[in-house]
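Peer 1: With the input below, show me the fold.
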Amino acid sequence: MKKTWYLIMAIVLLIVSGLAYGYYEHSKPKTDRELKTVRVAYLPITHALPVFATKELETADGPVHVELVKYGSWPELMDALNTGKVDAAAVLVELGVKAREQGIDVCAAALGHTEGNIIVVNNDINSVQDLKGKSFAIPHKQSTQKILVDLMLERAGLSERDVQIVEMSPPEMPSALSIGQIAGYSVAEPFGSLAIEMGAGKVFEDPDHLWHDNICCALVFNGQFVDEHHDLAKAFTKAYLDAGNYLDEHPEAQKEIALKYMKFKDPVIERSLQVIGFGDLALTEDRYNALVHHMTHVDLIKKVPSYSEFVDTSLLP
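Peer 2: All right, here's what the predicted structure looks like:
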């Protein structure tokens, strides 16, 4: 009986100690570094370069400390953003708009880049008509890459009834193309340039001809984080935009920073950086209207959030 009593007391003490420690950890004053930390989710792609540059350009006495959190897929990243596991993310802008349509509290502050998308096919494809009956890959249904493919097919008098559109992880696309599993793909860089360097494919269509000034990725915040830490979110947005300008003014730094965060050979990185810009990251109302027009046209969205519902201009410098 005494042993049972001692065991119960030991368990109670452990629970009380755990609760006390948890309360202490939660209530203890945060350090200056913790108070200015922004957790930012990303995938290792060229489109996330402004986030990498923001991290590289931060200083110990600066207003923001960037904590980068790497993810392996867009759904995993969006789940982290939507649930507040991270404060912000470099993410496909369509995923942010779709989340907002579904009532999830997220908001955008800026673009991730301009241009930078690519459409690649295997060397036997010479026209859009050659894609009939074949598989064509995109990274996610809610993506600019999906919109570009639909516009390409539409211009040729085809649709998704003629070509099998499949979702595929970007790192798998070059090898899938090389073995004939797919006839082509639309993707964020550098995965298009990788196939070209491998000799597995060729550039097929200029995305700018399909959708001029097409936008793809954006800096999107968790709404609760913005509500609770507005000044910090605004400071991070400024640092992010400054990093974009730095990249635009220092092209030699683009490759150096990219190689630090992405494991690709120099020629792949160099080629991917030739087709992307970072100097104009404003998510303007005109750009947003073009985006949601295309999303509606290819049936990616039903109830379009207004510009002010999705873009928080109060975060801009």
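
Peer 1: CA atoms only: put stretch 107-125 into CSV for me.
Peer 2: C-alpha atoms of stretch 107-125 as CSV (Å, rounded to 0.1, in the frame of the first residue of the first chain):
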residue,chain,number,x,y,z
CYS,A,107,-2.5,38.3,-46.0
ALA,A,108,0.1,39.2,-48.6
ALA,A,109,2.6,42.1,-48.5
ALA,A,110,4.8,41.7,-51.6
LEU,A,111,5.7,39.5,-54.5
GLY,A,112,8.6,37.0,-54.4
HIS,A,113,9.9,38.0,-57.9
THR,A,114,8.8,38.9,-61.4
GLU,A,115,8.8,36.4,-64.2
GLY,A,116,11.0,33.4,-63.5
ASN,A,117,8.7,30.6,-64.6
ILE,A,118,9.6,28.2,-67.4
ILE,A,119,7.9,25.6,-69.7
VAL,A,120,10.1,22.7,-70.7
VAL,A,121,9.3,19.8,-73.0
ASN,A,122,11.3,16.8,-74.2
ASN,A,123,13.3,17.1,-77.4
ASP,A,124,10.7,15.3,-79.5
ILE,A,125,7.9,17.9,-78.9
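
Peer 1: Relative to the whole chain's centre, how far out is it?
Peer 2: Using CA atoms, centre = their mean, to the nearest Å, the distance from the centre of stretch 107-125 to the centre of the chain it belongs to is 11 Å.

Peer 1: what's the answer for stretch 40-50, then?
Peer 2: Centroid separation for stretch 40-50 versus its chain: 6 Å, with CA atoms, centre = their mean.

Peer 1: Over to stretch 267-287?
Peer 2: Distance of stretch 267-287 from its chain centroid, counting by CA atoms, centre = their mean, is 13 Å.

Peer 1: Stretch 91-107 too?
Peer 2: So, by CA atoms, centre = their mean, the centroid of stretch 91-107 is 12 Å from its chain's centroid.

Peer 1: how about the strands in the stretch 201-317 of the chain?
Peer 2: Remark: strands assigned in the stretch 201-317 of the chain by DSSP state E, counting those that start in this stretch are 202-205, 217-222, 276-277.

Peer 1: Send me the longest one as PDB with only the CA atoms.
Peer 2: Going back to what we said before, that points to strand 217-222. Taking C-alpha atoms only, strand 217-222 is exported to PDB below (Å, rounded to 0.1, in the frame of the first residue of the first chain):
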ATOM      1  CA  CYS A 217       5.200  33.600 -55.600                       C
ATOM      2  CA  ALA A 218       4.400  36.100 -52.800                       C
ATOM      3  CA  LEU A 219       5.400  37.000 -49.200                       C
ATOM      4  CA  VAL A 220       2.300  35.900 -47.200                       C
ATOM      5  CA  PHE A 221       1.800  36.400 -43.500                       C
ATOM      6  CA  ASN A 222      -0.200  34.500 -40.900                       C
END
